[in-house]
Every structure is written in structure tokens, then in C-alpha cells.
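>>> Just a sequence and a predicted model for now, questions to come.
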Amino acid sequence: MPTNGAAAQRRAVFTSRKNRGPANRSQIVARRIAGVFLSAAGMMWAAVTLAFLAVHAAPGDPVTAIMGESSDPALRERIERDWGLDRPLIAQYGLHLGRLLHGDLGYSYVRGEPVADILFGEQLVTSAQLAGFALLIAVVLAPLLAVLTAGRRDVFSRATATLEVIVASAPPFWTGLVLIWVFAFTLKVLPVTAGNEFQRLILPAVTLALPIAAVLAQVMREGIERALEQPFALTARSRGISATQLRLRHGLRHSLIPAATLAGWAVSGLLTGTVVIEEVFGRAGIGRETIAAVTHSDVPVVLGVALLTAAIYLTVTVLVDLAYLWIDPRLQEPTA
């Protein structure tokens, strides 16, 4: 016969489990989502502030960039007054935040055009095509390599792992030059500047995708191999499931969480990589606009690029955090 204390403890456990119903889980998910968005807002403010301080601490005089070849003191004074550059740094920071809250990114010092028109026009479309195609290649290539080589020690698997390390370690510009030499100059199967837009997009997209796919493949392979060592894998094998089905149905799902954790890194790699790749392949885009803005001390454009990059990075981070709730339903349960 159980004691009264044991019975009370059982009733408490039963009540606790009963309370973990759909309503309780919905509250947990809602709190997690709210926390994710609050964290993203704080990180966005920090990114804007750090970008502002970094740009103003960098060498270079934006007034000189605006004046061009003129050296008229009266013109310099008028430019400083019109652009608010004669105010203290804290006042300029306040004006910058105020404009951002109203959706105003300011005007380019050099071109005199709205920064929004420069960033969100044809340049953004070109860079988005490059980054999107590269991401598609990486997302397809990484799981394929991981599934084909996980848990195997043959020549193909060892060669693939070695090649992944080389590609992940090589500078992007070097990889791009090698691909140009092999496929454009030697084999002459892909163009660098000639051909239609899709043909010109292949080499830079592959160059941008290879290091990301190499790292993701290594992480996903480790996740699949760890899953194949779990007891449920032995149970699945005893039921007659094939090795390929085991990797696809169970191993691949268990590798999604560590791979999703690297999504922010992958997006940052795409954003920073476009700057180098667009220069190597002579493509127009946000990357070349960024280099021109930094060279000419065009502060509003540099800040606009930093804001755009931070917004894209944080958007992906938020989506990944929300995807965790779908990948691992245990996160929907109370932590205690």
C-alpha cells in the first residue's frame, strides 16, 4: 500500500503532465517567439550603433568627398551646415536614429541620390540573384555529400572530406580564379563576361557556394553519423529499413539542428562574399557599391549597407530560431 505522501506525489506528477496541454505549449511557444523578436530588436539597435561609430572613426573626410576638387572654405562651411556635419557626434547619432525610424536612409554624399534608391534598385536585385543561386547550390550540395559519405570509409568519402577542407580553407578570390582558369579558359564551357545572364551567373555562384557547402556538409555528416549510432537506428535496421532510407528519414533530420545553427554564418558568408566575388567576376551589385562608398567616404551609403546586412542577418536568425521549434518539438515543452 502506498503511503499518503507517495500518493500525493503521484497526483502532483499527474496534474503537472495534464497541465502540459496545447494551451500550455502555445504559451511557451508564444513566449519563445516574443523573446526571439525582442532579442533581434536589441541586436539591430546594437548593429546600427556600432556601424555608425565605426564609420565615423574611420579615416577620411566626407566633406572633402562632397566638395570634390573645390577648396572654397565658404562651400565647406555650407556643406557641413546643410548635412549636419558641424554638430556633435551624439547629435548626428540622434538624427541618424530618427531618420531610420521614419524609414529614411539619407542621401549619398557623392552621388546626391537617396541611399534607398541606390541599395534597393537594380544593384540589390543583381546581388540577390547571386546570393540566392549560391545558397540554392549549397543547400542542395551539402546534404547530398553528407548522406552519400556518412558512416563510410571508402576512397570517395575520404577524398570528399579532404576536398571539403581545402575548399573551406581557400580564399574565395583564389577559388574564383581557379574556376575561371579551368572552366572559362581551359575547358571553355562557361563564360565570364559573355553569354546570357544565367551563364554569367554560374561561375560566381559556384565560387560563393563551395565553401559554405563544404562546412555544412562536414557538420551534417557528423550529425548523421551520431544519429546512426543511437539505439533507434538499430531498431530501424532490425525492421528491415535500408541504409539509405535510415540516413534520409532519421539521420538527415537529426543533422538539421547543427546545420541550422550555422545558417547565420552562411548568410553572413554570402553577404561578405559577394563583395569579393563581384570584384573578381566584374559584376555590378551591392558589393561594388560598398567598395566605392568606402573608398569615397560616402558615410550614408556605408551605413545603409551595414543596416541592410544586419537586417538580412537578423531576419535569417529569427527564422532559424523559429524553425528550431519545428525541428525539435521538445523545445515546446516546459523547461522545468
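Thanks, I have the structure now. Numbering: from 1, shown residues only.
>>> tell me the domain boundaries of this structure?
Listed domain ranges for the chain are 31-116, 120-332 (source: automatic domain parsing).
>>> and Gly176, what pLDDT?
For Gly176, the model assigns a pLDDT of 88.
>>> Just the C-alpha atoms of the host helix or strand of it, please, in CSV.
Following DSSP states H and E, one finds Gly176 within helix 172-179. Output of helix 172-179 as CSV, limited to C-alpha atoms (Å, rounded to 0.1, in the frame of the first residue of the first chain):
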residue,chain,number,x,y,z
PRO,A,172,37.1,33.0,-52.2
PHE,A,173,39.0,35.0,-54.8
TRP,A,174,41.5,32.2,-55.3
THR,A,175,38.7,29.7,-55.8
GLY,A,176,37.1,32.0,-58.3
LEU,A,177,40.3,32.4,-60.2
VAL,A,178,40.8,28.7,-60.3
LEU,A,179,37.3,28.1,-61.6
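>>> continuing past that helix, what's the next helix or strand?
helix 197-228.
>>> just checking, what packs against that next one?
helix 122-149, helix 155-169, helix 172-179, helix 252-254, helix 256-261, helix 263-280 (3 or more CB pairs under 8 Å, 6 or more residues apart in numbering; DSSP states H and E). To be clear about C-beta, it is placed using only N, CA and C from the backbone, and glycine gets the same treatment.
>>> now that helix, how far from the centre of its chain.
Between the centre of helix 197-228 and the centre of its chain there are 14 Å (CA atoms, centre = their mean, to the nearest Å).
>>> Going along the chain from it, find the next helix or strand for me.
helix 231-238.
>>> Which element is encountered next along the chain beyond that following helix?
Next along the chain after helix 231-238, taking DSSP H and E as the criterion, comes helix 243-246.
>>> Can you list the neighbours in contact with that following helix?
Outside helix 243-246, the residues that touch it by CB atoms under 8 Å, 6 or more residues apart in numbering are Val147, Gly151, Leu228, Ala233, Ala236, Arg237.
>>> from those residues, which is closest to Ala259?
Val147 (12.3 Å; CB to CB).
>>> which helix of this structure spans the most residues?
helix 22-57 (DSSP state H).
>>> What residues does the most centrally placed residue in the chain make contact with?
By CA atoms, centre = their mean, the mean C-alpha position of the chain lies nearest to Val267, the distance being 1.7 Å. Counting by CB under 8 Å, 6+ apart, Val267 makes contact with Ile312, Tyr313, Val316.
>>> cool, Ile180 as well?
Ile180 neighbours (CB under 8 Å, 6+ apart): Val192, Leu203, Val280, Phe281.
>>> again, 7 Å this time
Contacts for Ile180 (CB atoms under 7 Å, 6 or more residues apart in numbering) come out as Val192, Leu203.
>>> thinking again about what came up before, please identify the most buried of the domains of the chain.
Per-stretch averages of neighbours, counted by mean count of other CB atoms under 10 Å, single out domain 120-332 among the domains of the chain, with a mean of 17.
>>> Distance from it to the middle of the chain?
Relative to the chain's own centre, domain 120-332 is displaced by 10 Å; criterion: CA atoms, centre = their mean.
>>> Stretch 290-300: end-to-end distance?
One end of stretch 290-300 to the other measures 11 Å (CA to CA, to the nearest Å).
>>> who's in contact with it?
Stretch 290-300 is contacted from outside by 55, 60-62, 65, 105-110, 115, 275, 279, 301-302, 305, using CB under 7 Å, 6+ apart.
>>> repeat that with 8 Å
Contacting residues not belonging to stretch 290-300 are listed as 55-56, 58, 60-62, 64-65, 105-111, 115, 275, 279, 301-302, 305 [CB under 8 Å, 6+ apart].
>>> cool, and stretch 157-171?
Here stretch 157-171 makes contact (CB under 8 Å, 6+ apart) with Leu145, Leu148, Thr149, Thr175, Leu210, Pro211, Ala214, Val215, Ala217, Gln218, Arg221.
>>> do that again at 6 Å, thanks
Leu145, Thr149, Leu210, Pro211, Ala214, Val215, Ala217, Gln218 (CB atoms under 6 Å, 6 or more residues apart in numbering).
>>> what residues are up against the third one?
Under the criterion of CB under 6 Å, 6+ apart, the neighbours of Leu210 are Val167.
>>> Quickly note the distance from it to Leu144.
Leu210 is 14 Å from Leu144, where distance means CB to CB, to the nearest Å.
>>> Since that was my last question, I'll sign off now.
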